[in-house]
Every structure is written in C-alpha cells, then in structure tokens.
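Undergrad: next one to model:
(chains A and B)
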Amino acid sequence: MNIGIVVFPGSNCDADTYHAVRDVLGHHGQYVWHEERSLAGLDAVILPGGFSYGDYLRAGAIATTSPAVRALKPYVAGGGLVLGICNGFQTLLEAGLLPGAMQPNLSGQFRCEFVHLRTERADTPFTCGLKPGDVLRIPIAHAEGRYLIGPAGRPALAAYRQVVFRYCSAHGDVTPAVNPNGSEDAIAGVASPSGAVLGLMPHPERASDELVGGTDGARIFSSLATWIATGRRVSMRPVEVH
Amino acid sequence: MPTVRVIVTLKPGVLDAPGQAIHKGLAALGHAGVRAVRAGRYFEIELDGTERLDDRVRDMCEGFLANTLIEQYRYDIV
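TA: Predicted structure coming up:
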C-alpha cells in the first residue's frame, strides 16, 4: 500500500509515523507537502500529530486552509481513506470532515502518558483487524483533547456508530477516573459514517515498536494494510442504526 | 476603508479553561473581588470597500475565525 503522510509547518510526528509505516511495518510511505493539491494514487492519507502552523487561531484551524487538506474532501468522495492523529484529528474536526470540536483538557494540563482504548467499532479500514471490546494501550500527548459533540450532534454520532474508540481501564471499563481529558462520553476516536475517515487523539505510531514500549498501535496500521490488500471498500451510503 | 473589530469568545456554558486559569492568576496576585474571567480572541481586519460588509464578515467569522460549535462572535466596524 502507498500511504501519504502530510507534512505541515509545525508537524512533529510525521517522521515517527513514516518510521512506523515504512520501517516497522514494511509498507510504502511517502511524505506529502502541505502545498500538494492532488492526493491521487495514495491508498490512504495520514495527518500526523504536531502543532500545525503553531496551532494559531485554534488547534488545526490554519491547516484546514492548506491545499492538501482542501484536497481531502474530493479525495474522500472518491473513496480515499484518511487517518488523523492528534493534531490531525483536530484538523479533521476543523475541516468539517468529522463532527465535533476540541477543547482544552479538563485538568488544564498537557497530558503525556499511556492510556487504554476500548474498540467500539471494528468494521472500519483502521480497525478491521480488531474486535469490538478489544483494549489497546497507546500513548496520548495533548493539551486540547477534550472532545465535544453537544446535544445537536449527538444523535447522528450514535445513529451512524461514529465512535470508534473510548478511553477505558486496562480491563475495558469506561469510567470518569480513566478519562484523561474530560472528553464527552469518554470519546477518544471518531469516524465518518462510512468509516473512511478516522480521527483519534492517541498516537498509534508511538506504540508500533517494542523498543518504545508497546505495539498495540501497529494493529491500527496493520488493519489498514489488510483492508487495502484485500481490496475492501467502504460503503458510500452508510446506514443508520437505532 | 473600514476596519472590522471581531471578538470571539466561548459560548456561555462551555468551560473556559484559560479564563479560569487567568482568574486564579488574578486571585494569586491579590486582586480581590474578581467574580469571573472569560478569555477570548480579538482581531482587527482591514477591508477594501464596504460592499456586502456584514455578509463578508459573517462568512469570515462562521467559516474560520470562530468555531461556532463552541464559540460565539461579535464585531463592530470603525
């Protein structure tokens, strides 16, 4: 598979993501400069973590004005897959490719630590190698990761099963004590209704090699590789569930 | 040529963590009697022409300067 990793001024996890995709997992990856207007030929696009454009205005807000992010909408409409990690997730929210908004952590702290995630949905390109309920141990590193959807957006989020990961205990229990940032409903990762676009605050690329303390994050990249290798396609007409 | 002054703040009811931190800072410096602090952002935007001025400013605010899920804006023109 051919994975494009977008590089913004201020990205700081682009090299880690490239390393995880290429050196650890053995897939083809390439950097995509933020001024790139075409994403043609890429099996998937990753928006990496960091502080794009200094996070001026709001985290991820300026990045939405870049040609590469503006190219994401037609890319997704054409069947493309997009993974936003941390600042990449914030950018997908600001770009309107995923619903919701980020606020500063309830603790007021920058939190940099391993957390546990419960897999809520395993039929997306990024989670097809997981089972619902699987617990992943992956680190977070953010000051603004408190996800908010609000009463207006909540029904659609549930109806289209858009919550993919929730913060949980090592045993998979979702409790306020293990929610590291105060996210609404302990939400750590959200997908588009079809599953083609996923954003998550934790960093799977930082947990893809035993050398750095864990490999649970590699299961997300491996899922993506399996999805692409087997020629699976997301449904362009996702169905509501009640 | 008009200058538009835009103020963006969090909507009432949305937790304002910077505002609270600033509030605590004021208290730590001994400023008594501060009931609440709300933080926000301020922009001065110089525009060419006055045509469709309100429409243009609203587009800028709702599409970029404010995230209307959590923020509100107000502006005046000088």
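Undergrad: so for the helix or strand of chain B with the lowest mean pLDDT, what gets flagged as buried?
TA: Least confident helix or strand, chain B: helix B:17-28 with a mean of 92, by mean pLDDT, DSSP states H and E. Using 16 or more other C-beta atoms under 10 Å in any protein chain shown as the test for burial, helix B:17-28 gives B:Ala17, B:Gly19, B:Gln20, B:His23. From N, CA and C alone the C-beta is placed, and that goes for glycine too.
Undergrad: I'd like the distance from the following helix or strand past it to the chain centre, please.
TA: Next along the chain after helix B:17-28, taking DSSP states H and E as the criterion, comes strand B:40-46. Strand B:40-46 has its C-alpha centroid displaced from the chain centroid by 8 Å (C-alpha atoms, centre = their mean, to the nearest Å).
Undergrad: against chain A, how distant is B:Asn39?
TA: Careful, residue B:39 is Ala; it's not Asn. Distance, B:Ala39 to chain A, by C-beta to the nearest C-beta, to the nearest Å: 10 Å.
Undergrad: next, count neighbours for that residue.
TA: 14 (other C-beta atoms under 10 Å in any protein chain shown).
Undergrad: pretty sure it is touching B:His23, no?
TA: No. Contact between B:Ala39 and B:His23 fails when scored by C-beta atoms under 8 Å: they sit 9.3 Å apart.
Undergrad: if I look at the residue nearest to B:Ile22 when sequence neighbours are not counted, how far off is chain A?
TA: Leaving aside its sequence neighbours, B:Ile22 sits nearest to B:Val37 (C-beta to C-beta, 6 or more residues apart in numbering or on different chains; 4.8 Å). To chain A, B:Val37 is 14 Å away according to C-beta to the nearest C-beta.
Undergrad: and chain B, which of its residues are near chain A?
TA: Chain B comes close to chain A at residues B:Val14, B:Leu15, B:Ala17, B:Pro18, B:Gln20, B:Ala21, B:Arg41, B:Phe64, B:Leu65, B:Asn67, B:Leu69, B:Ile70, as judged by C-beta under 8 Å from any C-beta of the partner chain.
Undergrad: list the contacts for residue 41?
TA: No chain was given, so I picked chain A. A:Asn2 (C-beta atoms under 8 Å, 6 or more residues apart in numbering or on different chains).
Undergrad: could you do chain B instead?
TA: Residues near B:Arg41 by C-beta under 8 Å, 6+ apart: A:Leu57, B:Ile7, B:Val8, B:Leu65.
Undergrad: hmm, 6 Å instead?
TA: B:Val8 (C-beta atoms under 6 Å, 6 or more residues apart in numbering or on different chains).
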